[in-house]
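Student: could you look at this predicted model? Sequence included:
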Amino acid sequence: MKPRSFVKAICAVAFFMGLFNLPLSAENSILLKNGRIITVSGGTISGGDILIQGTKIAKVGKDLSGPAGTQVIDLNGRWVMPGIIDSHSHIALEGDVNEMGDLITAEVDCRDVINPNDINIFYALTGGVTSIHTMHGSANPIGGKGIVLKLRWGKSARELIFEGAPLTSKWALGENPKQSNASGMGRARYPKTRMGVEMAIRDQFEKAKDYQKQWAEYERKARAARDSKGKIAPPLPPKKDFRLETIADILSGKLWVRCHAYQSEEMLSIMRLCREYGVKLVCFEHGLEGYRITNELVEYGVAVSTFADSWAYKWEAYNTMPHAAALCAKRGVLVALNSDDAERMRHLFNEAAKTVRFGGVSEDEAIRMLTINPAKILGIDQWVGTIEPGKDADLTVFSQHPLDSFTVCEMTLVDGTIYFDRARYLEERKKAEDEEKKKQKEPEKKKGGEV
Amino acid sequence: MPPLIRNRLFLLLLAFLFLGRLELLPDENLHRLWAIKEARIVTLAGPPVEKGILVIRDGLIEAVGAGIPVPKDAEVIDGTNLTVYPGLMDALGQSLLKLPEEKIDMTRITAGDFTDKDRGITPGLAAFDHINLGKAVFEKHHRLGFVTAHVMPERGVLTGRSAVFCLSDPEKNKAVLLKDLCLGIGYSPASFLVYPNSLMGVHAYLKQALADARHFDIVRSRWLKELKGLTRPEYSPTLDILTDYAAARKPVIFLCRNQHDIRRSLGLAAEFKLDYFIADLGGEAFEVIPELKNARARVLCTVAFKAPGSSLYAQRGKIERERAEKEVYPKNPARLAEAGIPFAFSSLGTDDPKAFAEGIQKAIEAGLHIDKALEALTRSPAVFFGLDRAIGTIEPGQIANLVLSEGDLLAKDAKVRYVFVDGKKFELKEAKPGEGEKPAVNITGKWEMALEGQMAMNLTIEFMQEEAALSGKLITPFGAFDFTEGTVSGNNVSFEISISVAGQDLDLFFSATVEGERMRGSVVQGGAGSAEFTAKRIPG
């Protein structure tokens, strides 16, 4: 084996073996001592402690002590913040994230294809991310249902699901639903215009209403048949339609709508549509031109989940700037910074720093865009997003301030369990590398002997 | 091919067919009464019988035991040094299927004119209609003790329906045990922009289809009962087939590529209360043992032992993957056995019976008790498919599906001497003489074959030679016919091709001597006729 490929091979093996870094056992009690704690809800505490009991934060303050047997971790002045929440992601899903076969695919559900073995879950933990909203892509006006996960690496699909988080429906406006399936294999599908996209959604609302009427009518007849004690024959049930049932759940507000959109005009018009039907439109995904319509967003209570400085990658994404998130935040719009990408997910803290650099928001505001804001957008703020007693012990430890360009994420906890510990990880990687080196040397020796 | 030549070839084949009829019928058809004496009989219905006698009459086991009378007119097989086992069953395979070749009409696809087939919705595809039985495939199976096969198409979402065959007769109407038994459910999205073309779409489609089938069932049966006063439901061939499965009147088989598919399937099965089997194509059932146990699931266990791409082992790179495929995956059957999860062995994922048998050996080496392995090849699949009164053990009244081997059947060096299938005897001869000599030539490539004499014509033949093993394809106007298990020894080449023409099966034996880029030899059909041929390599 050539020396270079040998090194490559051992690096690869060691690296990947290291990744099998199983979480340290969740002791009932962990005390993080002497850190700089960015609580988000109550300022920053220097020389502060956090006591974790079970899966929850028990106490936050100074000079805390835990019950006997508490695992004490000295933070030595390092920074702690609430675990980062990525409100727009597509990782940990098996198969394609878009169901391209139809215009409206409300019934398809990310819950059915959670892949707990996606290595990107571990990578996300190395960047301090503890919860994600993973969802259908933006090919269809109404795409599939999304799901909020806690990154309990090593657990099963069901155990990753964030219990209690509202279910979501992914919509998309603009170029993507317009152009999906437009050329190449298969017929160009309706719609070809922005008007058409909106009409496709309205059309489903009407169908779902009809569907609900059919079932109400059936229930009425079935009741009458029951009451008649055999005189009236029981009616035949209508056909179950999972797609329209999902749309009905959207109309009833049971599903929270997350709408991919870039341009202010289409955001305004979809807000009008949602208002008309009483749909719970929670957030625009990307929403790059949101800064132009902040009054309307605030009035309707729609948030924006966006990038710090990613734009101009297609024409509908031209009219924005790295100040957009800051402008929205200053006008009172709830803003989250998201990854939409497995790689960006590992350094969302750098992304937040960009809004400070360009948009001039405060450091605290930038941290909120990674924590409590996405938690609110996802409806999970009662459990996560700040460091307070009673909340889930989802925490991440940084070497410097999380917005410092040289900061490194050193430890990530979910539900009080350490799922990533950089020091331990590096140590295991070294061990694996050494073992691999040993293995590689042995056959070489033998070969030498033969000669 | 010009019509004249085509006619000539047809005449040649007809001549073979005609002469074939004059040949003596195979002995298994003459003797309807057999007795095996002095054999060790592993009945699986009770303790093994030492020096036992087994009587076979008219395709069934008539009697079994020690010291029972041997009918006077029975043909006797001396079973000294032989052990008799119930014939082995492949609980799920598809290598015996010859599905019509798919031709994709691009104009249709670009026009967006999709069919259910493009979507992977082919519940009408019946294994029974596409089964490929014949002497060559029988021999391949018999040599390893396989006498029964459960066969199902495996491509798509609703993949098609299965059938169970005894590998006894090339005539499928005689060989079939059960027809249209299970329906395959797979998680393969459509390759085109047609619903469902994502995994989540497939899952949603399955839910909707099962709900539709139930609805169709209710509405149609109600309409058939009353006939008046109700609007009749629109007919759907897919739902018509699906109703029996959605109502758990027949079992479905979930084709699971990995542990996540297994969990999805258990979810669907519970939601719709299906009768089902888990076909563990990814070999990851061991990752889901508590769930399988809880659901009382029955597993069809494959033995390819390849880590699925979704596994962490595969994501961690080649070395980890290979390690897992050597150390982790082969333990899957042993772990199922340990957990008490009922399973049978499936050949899906292995190319031929030989690879299937080797996979089973690997499972045994990885800790599966040999008795459990035997059970998973006999009684378990019989019970799974409701056939345990007919096959799977050795008891009077059961179909005479038996294997007679020297030594333990599942031992590494086992040698199958005879099999009985449907009471027909098949003797497995030792390897052909001359075998063992190292090949002196490599004939891999395309050859043009010229038949000589009155039937002179040219055919194309493709060879694939790997050391002494020879496989390939003969291309004729009636289709291409694959062959395997040919041999090259020194300069000598021999191979057997089974072809079917006008519903008739022909076994052609070719033998030739190679000299450089040319070969010369003869082709024989049974004792019926022969022709000389020469062949030369087509350059390139």
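Tutor: Alright, I've got the coordinates. Numbers count the residues shown, from 1 in each chain, chains lettered A, B, ... in the order given.
Student: quick check: residue B:404 is in a strand.
Tutor: Yes - with DSSP: H, G, I helix; E, B strand; the rest coil as the criterion, residue B:404 is assigned to a strand.
Student: ok, it to residue B:139 distance?
Tutor: Note on residue B:404: its distance to residue B:139, by C-beta to C-beta, to the nearest Å, is 15 Å. Quick note: C-beta positions are derived from backbone N, CA and C, even for glycine.
Student: so the two - more neighbours on which side?
Tutor: Just comparing residue B:404 and residue B:139: by other C-beta atoms under 10 Å in any protein chain shown the higher neighbour count belongs to residue B:404, 25 against 19.
Student: next, count neighbours for residue 229.
Tutor: Picked chain A for this. Under the neighbour criterion other C-beta under 10 Å, residue A:229 is assigned a count of 7.
Student: let me rephrase: I mean chain B.
Tutor: When counting by other C-beta under 10 Å, one arrives at 7 neighbours for residue B:229.
Student: can you tell me the helix or strand for it?
Tutor: Element membership of residue B:229 [criterion: DSSP states H and E] is none; it lies in no helix or strand.
Student: quick one: name the residues of the stretch 251-400 of chain B near chain A.
Tutor: Proximity of the stretch 251-400 of chain B to chain A is confined to B:260, B:263-264, B:267, B:310-312, B:315-317, B:319-320 under the rule C-beta under 8 Å from any C-beta of the partner chain.
Student: farthest-apart pair in the residues you listed, please.
Tutor: Taking every pair in these and measuring C-beta to C-beta, the maximum separation is 34.1 Å, between B:267 and B:319.
Student: in this structure residue B:48 contacts residue B:65, no?
Tutor: No - the pair residue B:48 / residue B:65 is not scored as a contact, 11.6 Å apart, by C-beta atoms under 8 Å.
Student: what's the closest non-adjacent residue to the residue lying farthest from the centre of chain B?
Tutor: Among the C-alpha atoms of chain B, the one farthest from their average position, using C-alpha atoms, centre = their mean, is that of residue B:229, at 49.2 Å. What sits nearest to residue B:229 in space, not counting adjacent residues and going by C-beta to C-beta, 6 or more residues apart in numbering or on different chains, is residue A:233, at 7.8 Å.
Student: phi, psi for that neighbour please.
Tutor: Backbone torsions for residue A:233, taken as degrees, to the nearest 10, come to phi -70, psi 140.
Student: and it, how many neighbours?
Tutor: The number of residues packed around residue A:233, counting by other C-beta under 10 Å, is 13.
Student: can you pull out the helices in the stretch 301-450 of chain A?
Tutor: Along the stretch 301-450 of chain A, counting by DSSP state H, counting those that start in this stretch, helices occupy A:324-330, A:348-354, A:363-368, A:372-378, A:422-450.
Student: show me what the second one is packed against.
Tutor: With contacts taken as 3 or more C-beta pairs under 8 Å, 6 or more residues apart in numbering or on different chains; DSSP states H and E, helix A:348-354 sits against strand A:84-89, strand A:335-337, helix A:363-368.
Student: residue B:131 is nearest to which of the ones you listed?
Tutor: Of these, the one closest to residue B:131 (C-beta to C-beta) turns out to be strand A:84-89, at 47.6 Å.
Student: just checking, residue B:243 touches residue B:216?
Tutor: Yes - with contact defined as C-beta under 8 Å, residue B:243 counts as touching residue B:216 (6.0 Å).
Student: beta partners for residue B:416?
Tutor: According to DSSP bridges, the partner residues bridging residue B:416 are residue B:405.
Student: measure it to residue A:259 for me?
Tutor: Spatial separation of residue B:416 from residue A:259 under the definition C-beta to C-beta is 66 Å.
Student: tell me which of those two has more neighbours.
Tutor: Using other C-beta under 10 Å, the more surrounded residue of residue B:416 and residue A:259 is residue A:259, with 27 against 21.
Student: leaving out sequence neighbours, find the closest residue to that one.
Tutor: By the measure of C-beta to C-beta, 6+ apart, the closest residue to residue A:259 outside its immediate chain neighbours is residue A:171, 4.2 Å from it.
Student: my read: residue A:356 touches residue A:368, true?
Tutor: No - in terms of C-beta under 8 Å, residue A:356 does not count as a neighbour of residue A:368; the distance is 11.8 Å.
Student: the two - which one has more neighbours?
Tutor: When residue A:356 and residue A:368 are compared on other C-beta under 10 Å, the one with more neighbours turns out to be residue A:368, at 27 against 18.
Student: got a pLDDT number for the residue nearest to the more buried one when sequence neighbours are not counted?
Tutor: Spatial nearest neighbour of residue A:368, chain neighbours left out: residue A:40 (6.2 Å); criterion: C-beta to C-beta, 6+ apart. Each residue has a pLDDT score; the one for residue A:40 is 97.
Student: could you grab the helix/strand/coil label for residue A:40?
Tutor: When the structure is split into helix, strand and coil by three-state DSSP, residue A:40 lands in coil.
Student: distance of it from residue B:58?
Tutor: Counting by C-beta to C-beta, the separation of residue A:40 from residue B:58 is 84 Å.
Student: what's the answer for residue B:210, then?
Tutor: 43 Å.
Student: more crowded one of those two?
Tutor: When residue B:210 is set against residue B:58 and neighbours are counted by other C-beta under 10 Å, the residue ahead is residue B:210, at 24 against 10.
Student: roughly how far does that one sit from chain A?
Tutor: With the distance defined as C-beta to the nearest C-beta, to the nearest Å, residue B:210 ends up 10 Å from chain A.
Student: what of residue B:141?
Tutor: With the distance defined as C-beta to the nearest C-beta, residue B:141 ends up 35 Å from chain A.
Student: for residue B:394, same thing?
Tutor: Applying C-beta to the nearest C-beta, the value for residue B:394 to chain A is 43 Å.
Student: cool, and residue B:491?
Tutor: To chain A, residue B:491 is 35 Å away according to C-beta to the nearest C-beta.
Student: which parts of the stretch 151-300 of chain A are helices?
Tutor: Listed from the start of the chain, the stretch 151-300 of chain A has helices (DSSP H, counting those that start in this stretch) covering A:157-160, A:175-179, A:194-227, A:242-251, A:264-277, A:294-300.
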